[in-house]
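>>> Have a look at this prediction, sequence included:
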Amino acid sequence: MADPEVPDSVVLVERRGAVAIVTLHRPEARNALDAELAATFPAEIARVDSDPEVRAIVLTGSDPAFCAGFDLRDVGGGRKKGANEHPGYWGALPRTRVPVIGAINGAAVTGGFEIALACDFLIASDRARFADTHTRVGMVPGWGLTIRLPRLIGEGRARRMSYTAEFIDAGTALAWGLVTEVVPHERLLERAVELAQSIADNHAGAVEAVRRLYDEVRPLGDGDDAYAHENRVAREWARTRFGGST
């Protein structure tokens, strides 16, 4: 496991009981994704997720930023931003067994914004800012931004962010539904771990099942098919866990 005391590590991993804290750590580059960090952070997420004692993951960045996106020196050198280099998933994060809470400590920009959007939910420091600057740098999203962002903040606001490349602050992100909570900067990690621990304290199988159910009903919309699927899953869960007929 990466040692949080080793400054040369581009990803730091810390355990607090059943909670794993994964930190993007290129602070001198505002945690921009060079080839090493882009390969290392999803591998570390997958590795801690494979530990059966881990029940929740907190993903954050070393101050002053969460992640400034892809390092343009790497993009200019031929690294194709958005390439699916990790078989089995398309987004910024690998599929995980446990929930991932994004603790957004500063700017989350472009590819860094997409990493944030891939988390189950976000809490933000009062220093957090968000922007989709793909159009400003002549790029196009490839990690699910045009899929996930409209679901959170509405299509009009999502289009506005993408077309204008404007930044929004933490208060606006909260008002728009992008983040679930804003806390003082110095309390961000503490609060994220509190939320992660509240997840860890719940029934592990039920958390996994409910998380999976959210993903399964999403493409079904809000019609009868979604309700029927949820009901089938609930009845099967009750039958399996408690026995008896459904």
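Arrived safely.

>>> check contacts around Ala206.
Counting by C-beta atoms under 8 Å, 6 or more residues apart in numbering, Ala206 touches Trp237. From N, CA and C alone the C-beta is placed, and that goes for glycine too.

>>> The same query, at a cut-off of 10 Å, please.
Residues near Ala206 by C-beta atoms under 10 Å, 6 or more residues apart in numbering: 237, 241.

>>> how much space between the closest residue to Ala46 other than its chain neighbours and Ala43?
Closest residue in space to Ala46, ignoring its immediate chain neighbours: Pro94 at 4.7 Å, by C-beta to C-beta, 6 or more residues apart in numbering. For Pro94, the distance to Ala43 equals 8 Å [C-beta to C-beta, to the nearest Å].

>>> between the two, who's got more neighbours?
More crowded of Pro94 and Ala43, by other C-beta atoms under 10 Å: Pro94, with 17 against 12.

>>> Could you confirm that one falls within a helix?
No. Looking at Pro94 with DSSP: H, G, I helix; E, B strand; the rest coil, it is coil, so not inside a helix.

>>> Please report phi then psi for it.
The phi and psi values for Pro94, taken as degrees, to the nearest 10, are phi -70, psi 160.

>>> and it, how far is that from Ile115?
Distance from Pro94 to Ile115, counting by C-beta to C-beta: 12 Å.

>>> Was I right to think the residue nearest to Ala46 contacts Ile57?
No. Using C-beta atoms under 10 Å, Pro94 makes no contact with Ile57, being 11.0 Å away.

>>> Which residues are in contact with each of these two?
Joint contacts of Pro94 and Ile57 (C-beta under 10 Å, 6+ apart) are 45, 49, 100.

>>> Next step: those restricted to strands.
Using DSSP state E, the members of the shared contacts of Pro94 and Ile57 that fall within strands are Val100.

>>> Quick one: find the helix or strand in the chain with the lowest mean pLDDT.
Counting by mean pLDDT, DSSP states H and E, the chain has its least confident helix or strand at helix 72-76, which shows a mean of 62.

>>> what about stretch 105-118, distance to the chain center?
8 Å (C-alpha atoms, centre = their mean, to the nearest Å).

>>> Please apply the same query to stretch 198-215.
Distance of stretch 198-215 from the chain centroid (C-alpha atoms, centre = their mean) equals 16 Å.

>>> pLDDT averaged over it - what is it?
Here stretch 198-215 scores 96 as its mean pLDDT.

>>> Can you mark which positions in that stretch are buried?
By neighbour count on 16 or more other C-beta atoms under 10 Å, the buried set for stretch 198-215 is 199-200, 204, 207, 209, 211.

>>> quick one: Leu195 from Glu166, how far?
Distance, Leu195 to Glu166, using C-beta to C-beta: 29 Å.

>>> actually Gly156, sorry about that
14 Å.

>>> Mind listing the shared neighbours of those two?
Common contact partners of Gly156 and Glu166 (C-beta under 10 Å, 6+ apart): none.

>>> quick one, which of these two is more surrounded?
More crowded of Gly156 and Glu166, by other C-beta under 10 Å: Glu166, with 13 against 9.
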